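Novice: Quick one, fold the following:
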Amino acid sequence: MGARSPLATVAAVNAAIASAHSVELTPEAVERLQRIPGFIRGKVKLALEAWAREKGDNLVTPELMGEVRERMGGGLLGRAASGRPGGG
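Specialist: I've put the predicted structure just below:
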């Protein structure tokens, strides 16, 4: 067996960490996210992914989006997280 370079080991560890913390969106959540105005969509996606990670989930669903909206109190990010026109 050949020795592994330190850089290869670091890259493997970083890849493992990234995959362990990756969050996916269901097709329905992606559809709702696409209805969010582009100027805020990235921030909303990051907030949804962070919320899912905090809960120990690796999947963003429309239900989780609704939960974030409720917790955010309907502010701009909360309304946007709903993925519905007008935030409703």
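
Novice: Render the CA-only coordinates of the host helix or strand of E70 in CSV, please.
Specialist: Element membership for E70, per DSSP states H and E: helix 62-71. Output of helix 62-71 as CSV, limited to C-alpha atoms (Å, rounded to 0.1, in the frame of the first residue of the first chain):
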residue,chain,number,x,y,z
PRO,A,62,-42.0,22.6,2.0
GLU,A,63,-43.0,21.8,5.6
LEU,A,64,-39.6,22.9,6.9
MET,A,65,-40.0,26.1,4.8
GLY,A,66,-43.3,26.8,6.5
GLU,A,67,-41.7,26.1,9.9
VAL,A,68,-39.0,28.7,9.2
ARG,A,69,-41.6,31.2,8.1
GLU,A,70,-43.5,30.8,11.3
ARG,A,71,-40.3,31.1,13.4
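
Novice: So which elements touch it?
Specialist: In terms of contacts (3 or more CB pairs under 8 Å, 6 or more residues apart in numbering; DSSP states H and E), helix 62-71 is packed against helix 27-34, helix 38-55, helix 76-82. For the C-beta atoms, the positions are set from N, CA and C on the backbone; glycine is no exception.

Novice: can you give me the angle the first one makes with helix 62-71?
Specialist: Right, the one you point to is helix 27-34. If you take axes from the mean of the first three to the mean of the last three CA atoms, to 10 degrees, helix 27-34 sits at 40 degrees to helix 62-71.

Novice: got it, and the second one?
Specialist: Orientation note: helix 38-55 sits at an angle of 100 degrees relative to helix 62-71 (the same axes, to 10 degrees).

Novice: list the helices and strands helix 38-55 packs on?
Specialist: Applying 3+ CB pairs under 8 Å, 6+ apart, one finds that helix 38-55 contacts helix 27-34, strand 59-60, helix 62-71, helix 76-82.

Novice: So for that helix, what gets flagged as buried?
Specialist: For helix 38-55, burial by neighbour count (16 or more other CB atoms under 10 Å) applies to 44-45, 47-49, 51-52.

Novice: go on, the first one?
Specialist: The neighbour-count criterion (16+ other CB under 10 Å) identifies 29, 32-33 as the buried residues of helix 27-34.
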